[in-house]
Structure formats: C-alpha cells, structure tokens
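Peer 1: sharing a sequence plus its predicted fold:
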Amino acid sequence: MTTLIVKDPVLIHLWHPVLFSNELNEQPKAIEILGEKVVVFRTSQGVYAFKDLCIHRGVPLSLGKVVNDEIICPYHGWTYNSCGTCTRIPALPEGKAIPTKAKTITYYCTEELGFIWVCLGEPDMSKPKIGELTSDRSQNNQVKMGPYELEAAGPRVIENFLDVTHLMFVHEGLLGDSQFPEISDYQVYQKDGVLISDEIDIYQPDPDGRGHGVHAKYTYKVFQPLCAGFRKSIDDSEEFFDLYLIVLPVNEKKSKAYMVMERNYALEEDENIFIQFQDLLIEQDRIIVENQKPELLPLDLQAELHLKSDRVSIAYRKFLMEVGLTFGTK
Ligand code: FES
Ligand code: CO
C-alpha cells in the first residue's frame with residue numbers, strides 16, 4: 001500500500017519528540033505529526049509507531065490494546081505484530097491464510113533521553129540536541145518541561161524563543177525591564193551547521209522564579225529547524241542555565257513544545273519551582289504566538305521590518321530558507 005503524502009521535505013526525515021517516556025505505558029497513544037495520525041505503543045521489545053488506521057475498516061489502532069507484544073484493533077480484532085504485519089484475523093475461516101497484503105504502514109520509532117521519537121521518512125539526522133550535562137552529572141540538574149500545546153506554527157514558536165527583545169515586554173518584571181529595552185550589539189555565526197549568537201547582555205529582575213535579579217548573558221543556538229536552545233550565564237559567576245526547546249509540528253498551525261532545562265546551580269532546589277515558572281512564561285508567550293499574523297512564518301525578509309537587534313530571527317529565517325523548510329512557513 002502506498003500513500004502519497006505531501007509533507008515537508010526536511011521535517012519528514014527528522015526525528016520528532018512525540019511523548020515523554022513516562023507518558024507511554026501499556027495503552028497505545030494517538031499522536032499527530034505533520035498532520036499525519038500515528039499510533040505509538042510499547043511492547044516488551046520496545047516502542048513502535050504505525051499509521052493510526054486499521055487497514056480493515058479504518059478504525060484507529062490507538063483505540064485498541066497491546067497483547068503479547070502485538071497491537072489488536074478494537075473493531076474486529078485484527079492483530080498486527082511489531083513489523084506491522086497482520087498475524088490474526090479472527091473472522092477468517094480456519095485454515096484460510098491471511099492475505100499477504102495485510103500490512104499496515106510503519107514508521108521509525110525509538111526511545112532516548114526520556115522521550116519517544118518518531119520519524120515519518122528516512123532518518124537522516126541525529127536526534128535534536130538536548131542537554132550537555134546528562135552524561136556526566138546527576139539527573140537532578142535536568143528538568144523536563146511541557147509539553148505545551150500551542151495553536152501556532154512550529155517556526156513561529158521557535159522564533160519567539162529566539163527573540164531577545166520580547167523579554168522586557170512579554171515577560172516584564174521577570175526576564176526583563178521595559179525601562180531598559182536596549183540590548184548590546186551582537187552577531188550571529190554558523191558553526192558546524194549550528195547557528196550561534198554572540199553573548200547578549202540583559203538585566204533580569206527574576207530570571208528563574210526564585211526572585212533574585214541578575215545581569216545575564218544569553219547565547220542563542222539553533223540546532224535544527226525546530227530545535228533551539230540558549231545558555232544564560234550569570235555575570236561575575238560560574239553559574240549557567242541552558243534551556244532547550246524542541247517543537248513537534250502537530251500540523252501546520254499547531255505545535256507541541258517540549259523543553260529541557262539544565263543548570264549548574266541551586267541543585268538542591270525543588271524542580272517544581274522551575275517548571276511552574278516556565279509554565280507561567282509559556283502562558284505569557286501563548287498570547288503572542290497564537291495571535292501573530294500571518295500564522296505561518298514569512299521567510300521572505302522583505303515581508304516584515306527588522307532591526308539590528310532581530311539578528312537571531314533574521315538568521316533563523318535565512319537558515320530555514322537554506323535548508324528548504326516549507327511546513328509552517330510562507
Ligand atoms: Fe480493524 Fe476491522 S476495523 S479489525
Ligand atoms: Co517568551
């Protein structure tokens with residue numbers, strides 16, 4: 001069976017985070033990637049992703065269940081093994097062979113770094129970068145946040161994350177002060193396929209929800225079309241805070257944002273403080289990204305006005321243009 005799916009030539013071959021590992025137990029889960037309905041399920045052998053549609057009468061397999069490492073459709077009990085091959089059709093008379101065409105569409109699926117990842121095409125890149133400290137430090141340093149469901153195009157969500165001059169307005173009193181809206185000049189470079197900005201200085205009244213004002217330096221990075229991060233270092237100290245954002249493109253105008261935070265300070269602090277703070281910041285950003293027009297990010301640099309301080313966004317738009325991203329852009 002072949003399906004002609006017109007999807008983004010870039011995003012189709014990338015790994016997308018679809019669930020936190022602990023969200024997937026014995027019940028199959030329905031997810032959506034690039035507008036495609038997918039069922040993800042777990043067996044004793046690992047995690048699997050199929051098109052979420054039984055080939056018999058089109059019932060979502062995500063309504064079914066996993067028994068003996070196979071997924072069973074709830075409607076007439078057709079059973080599929082982990083390769084997507086139908087192994088049992090209960091209504092078939094005894095001795096009658098299962099048609100060889102009885103197979104469903106399967107996708108690449110894996111579990112790594114506390115996430116379930118799915119690729120709809122042929123994976124041609126590594127997983128998005130999330131975290132530096134994971135291998136050599138205690139897991140306490142790492143805090144996972146989200147997923148945040150946003151009615152906004154993936155590239156809009158990433159660009160908002162990369163936008164330094166919104167901090168003083170959208171997150172006033174926390175990440176910035178509107179009395180000091182200017183930022184230091186900076187450049188953006190490309191190194192080993194990653195976009196990196198110079199350090200950008202900014203004063204922050206309450207940068208992580210603990211109520212201490214700091215002078216911070218931000219270094220932004222774009223790893224993949226829908227994966228970005230920044231390091232925030234605190235002036236005159238060794239302290240830093242890394243925040244990674246990976247966006248699942250649910251469909252062209254809907255996203256699910258996953259965040260991973262790593263820090264080398266306040267290790268004894270309850271991680272819920274950081275999670276609740278991020279939840280608050282996202283609600284402030286939601287009002288912006290869900291109302292921006294056009295909904296799809298314009299890649300033509302003539303389409304909107306830009307300032308020098310928008311250099312990260314400009315570089316991001318150029319990067320998307322270069323890699324040929326079409327989904328969520330115009
Ligand atoms: Fe799935 Fe009939 S629709 S078994
Ligand atoms: Co924001």
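Peer 2: Structure received. Quick caveat, the model's predicted, so the values are computed rather than measured. Ligands and ions are numbered 1, 2, ... in the order given.

Peer 1: is residue 66 in a helix, a strand, or coil?
Peer 2: What DSSP: H, G, I helix; E, B strand; the rest coil gives for residue 66 is strand.

Peer 1: count of residues packed around the residue nearest to it when sequence neighbours are not counted?
Peer 2: Setting aside the residues directly before and after it, residue 66 is nearest to residue 41 in space (CB to CB, 6 or more residues apart in numbering), at 5.3 Å. Every C-beta, even on glycine, is put in place using the N, C-alpha and C of the backbone. Applying the criterion other CB atoms under 10 Å, we find 26 residues in the vicinity of residue 41.

Peer 1: residue 41 bridge partners, please.
Peer 2: On the basis of DSSP bridges, residue 41 is bridged to residue 48.

Peer 1: do you know how far it is from residue 153?
Peer 2: Using CB to CB, to the nearest Å, residue 41 is found at 29 Å from residue 153.

Peer 1: can you check the pLDDT for the residue nearest to residue 66?
Peer 2: Residue 41 carries a pLDDT value of 98.

Peer 1: next, the contact list for it, please.
Peer 2: Shown in contact with residue 41 (CB atoms under 8 Å, 6 or more residues apart in numbering): 24, 28, 29, 47, 48, 50, 61, 66, 71.

Peer 1: get me the contact residues on this structure for ligand 1.
Peer 2: 54, 56, 57, 59, 73, 75, 76, 77, 78 (CB under 6 Å from any ligand atom).

Peer 1: can you select the buried ones among those residues for me in PyMOL?
Peer 2: Only the buried entries of the residues of the chain next to ligand 1 go into this PyMOL selection, using 16 or more other CB atoms under 10 Å:
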select buried, resi 54+59+73+78
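
Peer 1: determine which two of the residues of the chain next to ligand 1 are furthest apart.
Peer 2: 57 and 77 (11.8 Å; CB to CB).

Peer 1: which neighbours do the two share?
Peer 2: With contacts defined as CB under 8 Å, 6+ apart, no residue is shared by residue 57 and residue 77.

Peer 1: give the buried residues for stretch 215-226.
Peer 2: By neighbour count on 16+ other CB under 10 Å, the buried set for stretch 215-226 is 216, 217, 218, 219, 220, 221, 222, 223, 224, 225, 226.

Peer 1: ok, which pair from these is furthest apart?
Peer 2: Using CB to CB, the buried residues of stretch 215-226 reach their maximum pairwise distance at 216 and 225, which is 26.6 Å.

Peer 1: thinking again about what came up before, and the residues of the chain next to ligand 1 as CSV, adding secondary structure and pLDDT?
Peer 2: Listed next are the residues of the chain next to ligand 1 as CSV, based on DSSP: H, G, I helix; E, B strand; the rest coil; pLDDT from 0 to 100:
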residue, secondary structure, pLDDT
54, coil, 98
56, coil, 97
57, coil, 97
59, coil, 98
73, coil, 98
75, coil, 98
76, coil, 98
77, coil, 98
78, coil, 98
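
Peer 1: so how far is residue 294 from residue 81?
Peer 2: Distance, residue 81 to residue 294, using CB to CB: 45 Å.

Peer 1: quick one: least confident helix or strand in the chain?
Peer 2: Lowest mean confidence among the helices and strands of the chain (mean pLDDT, DSSP states H and E): strand 200-204, at a mean of 90.

Peer 1: could you list the residues in contact with the following helix or strand past that strand?
Peer 2: Where DSSP states H and E defines the elements, the next helix or strand beyond strand 200-204 is strand 214-224. If you take CB under 8 Å, 6+ apart as the criterion, strand 214-224 is touched by 14, 125, 128-129, 158, 162, 164, 188, 194-204, 207, 228-236, 312, 315-316, 319.

Peer 1: just the ones of those in strands?
Peer 2: If you go by DSSP state E, these have 188, 194-197, 200-204, 228-234 in strands.

Peer 1: shaky segments in the stretch 101-250 of the chain?
Peer 2: Along the stretch 101-250 of the chain, segments meeting pLDDT under 70 span 125, 129, 131-140.

Peer 1: which residues of it fall in helices?
Peer 2: Using DSSP state H, counting those that start in this stretch, the helices of the stretch 101-250 of the chain run over 154-161, 167-170.

Peer 1: what lies in contact with the last one?
Peer 2: Read it as helix 167-170. For helix 167-170, contacts defined as CB under 8 Å, 6+ apart pick out 175, 176, 177, 178, 180, 181, 202, 204, 284, 285, 287, 288.

Peer 1: count the residues that sit near residue 267.
Peer 2: Residue 267 has 11 neighbours, counted by other CB under 10 Å.

Peer 1: done for today, thanks.
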